[in-house]
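**Student:** Need a 3D model of the sequence below.
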Amino acid sequence: MASLTRWNPTDRLPTVGDLIDRFFDQAFVIPGNGGLADVNAPKVDVVEEDKQVVIKAELPGFKPEDIDIRCEGNMLSLRGETKETSEKREGDYYIRERRQGTFSRKIPLPSEVDMDKATADFEHGLLTVCLPKVEAKRSKPIPVSAKTSR
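**Tutor:** Coordinates of the predicted model:
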């Protein structure tokens with residue numbers, strides 16, 4: 001017979017080290033990507049509609065020519081690079097939070113898509129990629145003929 005153990009809620013309180021480890025483990029991991037996120041990676045929304053998959057990515061400060069979009073298997077790859085607009089430096093930065101440099105982000109697609117019909121629009125820092133779904137192959141009935149044996 002198993003013995004009962006009295007539950008004490010303070011037995012498993014996390015330490016400060018546990019909380020810090022948990023923050024860093026979760027803060028930089030992209031679900032489904034299996035690794036650390038690029039700190040500069042844009043935030044995205046992926047929506048599966050009836051006939052297409054729509055991906056929206058926030059890319060403020062980018063120009064359309066700075067963005068590279070590719071489909072590799074069932075992953076959409078977004079890459080981009082921004083450069084400082086002026087080389088003139090008028091003082092020391094106290095705070096510098098605006099993004100500069102490169103990013104790379106791979107996004108798993110929920111359905112098979114037709115890349116030949118894909119479109120991408122960029123307006124006011126928002127990239128919208130529309131990926132039409134591949135039409136499901138419909139099953140075709142095979143007629144069965146009856147043979148009579150004599």
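
**Student:** all helices for the chain, in order.
**Tutor:** Per DSSP state H, the chain carries helices over the ranges 16-27.

**Student:** Quick one: low-confidence residue ranges for it.
**Tutor:** By pLDDT under 70, the weakly predicted segments of the chain are 1-2, 7-14, 17-19, 21-40, 84-90, 96-99, 137-139, 150.

**Student:** got the residue ranges for the strands in it?
**Tutor:** Secondary structure of the chain by DSSP state E: the strands cover 44-48, 52-58, 67-72, 75-82, 101-108, 119-123, 126-132.

**Student:** hang on, isn't residue 83 packed against residue 63?
**Tutor:** No - Residue 83 is not in contact with residue 63 according to Cβ atoms under 8 Å; the separation is 10.1 Å. The C-beta positions use only the backbone N, C-alpha and C, and glycine is treated the same way.

**Student:** that older thread, including mean neighbour count, could the strands of the chain go into TSV?
**Tutor:** As requested, these are exported to TSV (neighbours: other Cβ atoms under 10 Å):
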stretch	mean neighbour count
strand 44-48	13
strand 52-58	18
strand 67-72	14
strand 75-82	18
strand 101-108	16
strand 119-123	12
strand 126-132	19
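
**Student:** could I get these as a markdown table with distance to residue 145?
**Tutor:** Shown next, in a markdown table, are those (distance: least, Cβ to Cβ, whole Å):
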| stretch | distance to residue 145 |
| --- | --- |
| strand 44-48 | 42 |
| strand 52-58 | 41 |
| strand 67-72 | 44 |
| strand 75-82 | 46 |
| strand 101-108 | 46 |
| strand 119-123 | 47 |
| strand 126-132 | 39 |
